[in-house]
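Asker: when you get a sec, could you give me coordinates for this:
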Amino acid sequence: MSIIRKRLSPEESRSIALEAARLILIEFGPQAVTLKAVGARIDRTHANLLHHFGSAAGLQSALAAYLAETVCTTIREKMASTPTGERNTREIVDLAFDAFDQGGAGALAAWMLNSGNENALDPVIAAIHKLIDSLCPSPDEIRLLREDTLALMLMALGDAQVGGQMATALGLPRDTARSLATELLTNRITNFVTEQHQKIGE
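Answerer: Got it, this is the predicted structure:
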C-alpha cells in the first residue's frame, strides 16, 4: 500500500523514503532496495528520489546511515542512563546483533561491498564515532569503548552472515555468538572498572 501523496518538507520526504527502504530491505533483501521500488511504495517519482539520493548507491548508503544512526541512538540512550559497571551488556549486544540480522544491516553492508562500494561501512563507522563521542568518556574509557565496539560489530556482522549455519554445524544454540559477545564485553568491563578503582586507591 502506498502512502497518499501530499506536500512534504525535504526532511520529511527523505525520512519517509528511508523508512520505506528499510521495510523493503527486511522483506525482500538488499538487492530489492532500488529507487523504483521505494518510489512505488511511497508514491513518489524516480526523479523525486534522485533529487534526494542521487542514485541507487546513494539511497543504499543513506539507508546504511539511517540504520546505524537508529540503533546507535537506542544504544546511546541505554548506555547514558547507567554507569559503565552497571549496564545490561546482553541488552546492548542484542541491539547490535538484531540490527545486523533481522534489521538487515549485515546483508546490506555485505551486498554493497560485493557490489564494489568500498565505503559501504563508512556510515556505520561515523554513527559509532558519534555514539562514543556523545558519551563523553574519559581517555581510558575511549579505548575500551573502541575496542569493545570493534569486537561487537565484527561478531554481529559475522553472525548475521554465517552464524546460523556455523552454530548448526557445531551443534550449538543459535544465540551462542551473542552469549560469547556478552561474556567477552562483561569481563572486559569488569576488568576496566577494577583497574579504575585500583588507580583511585593508589
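
Asker: which non-adjacent residue is nearest the spatially most central residue of the chain?
Answerer: Centroid-nearest residue in the chain: residue 68, 3.7 Å away (criterion: Cα atoms, centre = their mean). Distances taken as Cβ to Cβ, 6 or more residues apart in numbering put residue 127 closest to residue 68, at 3.7 Å, once the chain neighbours are dropped. Every residue, glycine included, has its C-beta placed from N, CA and C.

Asker: got it, and residue 55?
Answerer: In this structure, residue 55 finds its nearest non-sequential neighbour in residue 35, 7.7 Å apart by Cβ to Cβ, 6+ apart.

Asker: for residue 67, same thing?
Answerer: Nearest residue to residue 67, sequence neighbours excluded (Cβ to Cβ, 6+ apart): residue 105, at 4.7 Å.

Asker: now that neighbour. Its backbone dihedrals?
Answerer: Residue 105 adopts backbone torsions of phi -60, psi -40, taken as degrees, to the nearest 10.

Asker: contacts only, for it.
Answerer: Applying Cβ atoms under 8 Å, 6 or more residues apart in numbering, we find residue 105 in contact with 64, 67-68, 71, 99, 124, 160.

Asker: list the buried residues for the helix or strand the residue nearest to the centre of the chain falls within?
Answerer: Element membership for residue 68, per DSSP states H and E: helix 56-80. Buried residues in helix 56-80, counted by 16 or more other Cβ atoms under 10 Å: 56, 59-72, 75-76, 79.

Asker: how far off centre is it?
Answerer: Between the centre of helix 56-80 and the centre of its chain there are 6 Å (Cα atoms, centre = their mean, to the nearest Å).
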